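Peer 1: can't give you the sequence, but here's the structure:
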């Protein structure tokens with residue numbers, strides 16, 4: 001809408017989105033407060049924390065509204081204001097309040113209050129920023145009513161996708177089956193393995209925060225060359241920044257899991273390596289799924305997601321009883337690989353976006369040097385314990401960056417570094 005100068009549509013979308021979201025979350029808040037006495041009778045442990053639970057219920061309103069204004073700012077590509085509000089100010093307020101309430105002896109209820117208050121502060125901060133952004137928009141002449149069908153379709157598909165995800169992945173079918181057939185210890189190992197496997201995806205989310213609205217804008221103005229450039233650029237950067245971490249997790253799986261206990265090292269090495277290997281394939285495919293969502297292909301994407309959820313459930317039922325945690329890892333790995341392959345194929349067929357690019361050859365030399373260093377340290381048995389693990393991690397990253405610099409930077413890299421330098425020198429001045 002911004003790219004097409006549909007300013008009335010933006011105002012109406014934000015206004016009614018906020019109204020509907022506020023009304024629905026307030027209703028959820030009221031129902032939760034009304035049901036708290038019943039919850040306390042079902043779970044006697046909750047009775048001592050009813051006040052804390054009542055305060056925490058405010059997050060049913062504040063959490064979704066905070067996400068709403070965050071994404072509004074993201075749509076305007078005001079990433080700096082969004083990051084300041086959600087990561088800097090919110091965290092700072094939460095830390096200060098938490099220290100204060102713990103010092104005063106308020107315990108759990110005090111921590112809940114600190115969480116709610118810091119979220120409210122971030123919501124007010126970012127709402128003010130979003131309101132300023134909207135106020136600066138010119139007066140538009142487009143008809144928002146013409147966009148309602150598109151909005152409803154996109155919202156319906158998004159909600160359906162989240163519902164499928166909630167009933168499968170978030171419901172933890174793999175954890176339920178694992179608990180039944182392998183016991184609670186295996187579930188605990190799965191939690192740690194999943195957390196470690198998710199670490200490299202943080203880089204992907206950081207790039208998507210900035211890149212997704214840029215891709216949407218390029219699609220809106222039918223600029224296929226810019227859309228292709230953003231896709232290749234994000235793929236290149238996310239692989240280069242996350243590859244040393246993935247290789248570190250792959251090579252030193254046993255040593256990392258041993259930090260949590262010997263049972264984690266014995267039972268989690270194979271599953272962690274399976275998941276990291278499939279994650280490499282998924283990350284190397286770039287933001288293909290996000291590109292599909294940003295460029296009008298949410299329909300076929302959500303149909304695939306629904307079929308993948310059913311396929312995942314069937315695989316889990318077949319594999320977990322016999323293979324336990326390894327069965328879970330294989331199931332998730334198959335899903336990652338199929339999802340990446342499908343979305344890359346989808347954007348190539350429907351949008352003409354190609355994955356292959358000559359600049360990806362720059363991954364080979366730094367990656368090989370990083371593998372050589374990691375494998376060498378592993379076979380020398382020089383890594384054991386948090387200190388040596390930290391040194392190995394730093395060595396692998398430093399070597400990867402060093403070799404990348406020696407073989408030369410792409411023009412996009414030089415542009416980014418120049419921009420950062422100008423920002424730093426400008427701030428200093």
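Peer 2: That came through, no problem. Here the structure is a predicted model, which means the values were calculated and not measured.
Peer 1: could you list the low-pLDDT ranges of the protein?
Peer 2: By pLDDT under 70, the weakly predicted segments of the chain are 167-171, 427-429.
Peer 1: what about residue 95, neighbour count?
Peer 2: Residue 95 has 12 neighbours, counted by other CB atoms under 10 Å. Yep, even glycine has a C-beta here, placed from its N, CA and C like the rest.
Peer 1: report the separation between it and residue 111.
Peer 2: According to CB to CB, to the nearest Å, residue 95 and residue 111 sit 11 Å apart.
Peer 1: same thing with residue 188?
Peer 2: Remark: distance between residue 188 and residue 111 (CB to CB) = 24 Å.
Peer 1: let me see the contact set for the closest residue to residue 299 other than its chain neighbours.
Peer 2: Once flanking residues are discounted, residue 299 sits nearest to residue 157: 6.3 Å by CB to CB, 6 or more residues apart in numbering. The contact partners of residue 157, taken as CB atoms under 8 Å, 6 or more residues apart in numbering, are 298, 299, 302.
Peer 1: what is the burial count for the first one?
Peer 2: Read it as residue 298. When neighbours are counted by other CB under 10 Å, residue 298 registers 18.
Peer 1: distance check, it against residue 13.
Peer 2: 16 Å.
Peer 1: kindly report the same for the last one.
Peer 2: Taking CB to CB as the criterion, residue 302 is separated from residue 13 by 20 Å.
Peer 1: over to the second one?
Peer 2: Per CB to CB, residue 299 is found 20 Å from residue 13.
Peer 1: looking at these two, which one has more neighbours?
Peer 2: residue 13 (18 against 12).
Peer 1: surely the more buried one meets residue 1?
Peer 2: Yes - shown here, residue 13 and residue 1 form a contact pair, counting by CB atoms under 8 Å, at 7.2 Å.
Peer 1: now do the contacts for the residue lying closest to residue 47 once chain neighbours are set aside.
Peer 2: Excluding the flanking residues, the one nearest residue 47 by CB to CB, 6+ apart is residue 40, at 4.4 Å. Residue 40 is in contact with 46, 47, 50, counting by CB under 8 Å, 6+ apart.
Peer 1: tell me what the host helix or strand of residue 371 is packed against?
Peer 2: Assigned by DSSP states H and E, residue 371 belongs to helix 364-379. In terms of contacts (3 or more CB pairs under 8 Å, 6 or more residues apart in numbering; DSSP states H and E), helix 364-379 is packed against helix 224-251, helix 386-407.
Peer 1: grab the nearest non-local neighbour of residue 301.
Peer 2: Once flanking residues are discounted, residue 301 sits nearest to residue 292: 4.7 Å by CB to CB, 6+ apart.
Peer 1: any idea how far residue 63 is from the one you found?
Peer 2: Separation of residue 292 from residue 63 (CB to CB) stands at 27 Å.
Peer 1: what does residue 80 give?
Peer 2: Residue 80 sits 22 Å away from residue 63, going by CB to CB.
Peer 1: one more: residue 98?
Peer 2: For residue 98 relative to residue 63 (CB to CB), the value is 18 Å.
Peer 1: next one: residue 253
Peer 2: Distance of residue 253 to residue 63, given as CB to CB: 34 Å.
Peer 1: swap in residue 288?
Peer 2: Noted for residue 288: a distance of 29 Å to residue 63, by CB to CB.
Peer 1: who has more neighbours, those two?
Peer 2: residue 288 (23 against 14).
Peer 1: wait, what's in contact with residue 118?
Peer 2: Here residue 118 is in contact with 90, 91, 93, 94, 97 (criterion: CB under 8 Å, 6+ apart).
Peer 1: which stretches of the stretch 101-250 of the chain form helices?
Peer 2: 107-135, 148-167, 173-181, 184-198, 201-220, 224-251 (DSSP state H, counting those that start in this stretch).
Peer 1: nearest to residue 268, of those helices?
Peer 2: Ranking the helices of the stretch 101-250 of the chain by proximity to residue 268 (CB to CB) places helix 184-198 first, at 4.6 Å.
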